[in-house]
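Peer 1: below are the sequence and a predicted model; questions follow.
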Amino acid sequence: MNDTIQNLYDVIESRKGTHIEHSYTCYLFEKGIDKILKKVGEETSEVIIAAKNGKNEETVGEISDLIYHLLVLMAEQGIKPADLQTVLNDRAEKTGNLKTFHQVDHNS
């Protein structure tokens, strides 16, 4: 999976600052951070709805769309996949990392 993510990120990053006719990635970069964030939000909602409805195939597609848009956001912000890998590896090594709940809904 890491190679797939890195390869996709490399393609996305190569589109930054270029104009390729009919390239959705170029379009996102040209529109800027507000458009990229809007798409991240939309895709997040679509993942939630697909998962809630128990549609695994649709959920996988929506998660893929969300990951793509998150990679565009990362490229826009100068965040590399290796940056995520470092944080995730650090978190995987921790145990007993349950966060303290606030005095709100503990069922969510």
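Peer 2: Arrived safely, thanks for sending. Numbers count the residues shown, from 1 in each chain.

Peer 1: what separates the nearest residue to F29 once chain neighbours are set aside from C26, distance-wise?
Peer 2: Distances taken as CB to CB, 6 or more residues apart in numbering place K16 nearest to F29, at 5.3 Å, with adjacent residues excluded. (Glycine included, C-beta is placed from N, CA and C.) Distance of K16 to C26, computed by CB to CB, to the nearest Å: 8 Å.

Peer 1: what do you get for V87?
Peer 2: The gap separating V87 from C26 is 29 Å, by CB to CB.

Peer 1: look at these two and report which has more neighbours.
Peer 2: For V87 versus C26, neighbours defined as other CB atoms under 10 Å are more numerous around C26 (17 against 10).

Peer 1: the one helix or strand T4 maps to: which residues count as buried?
Peer 2: T4 is located in helix 2-15, with elements delineated by DSSP states H and E. Across helix 2-15, burial judged by 16 or more other CB atoms under 10 Å covers L8, Y9, I12, E13, R15.
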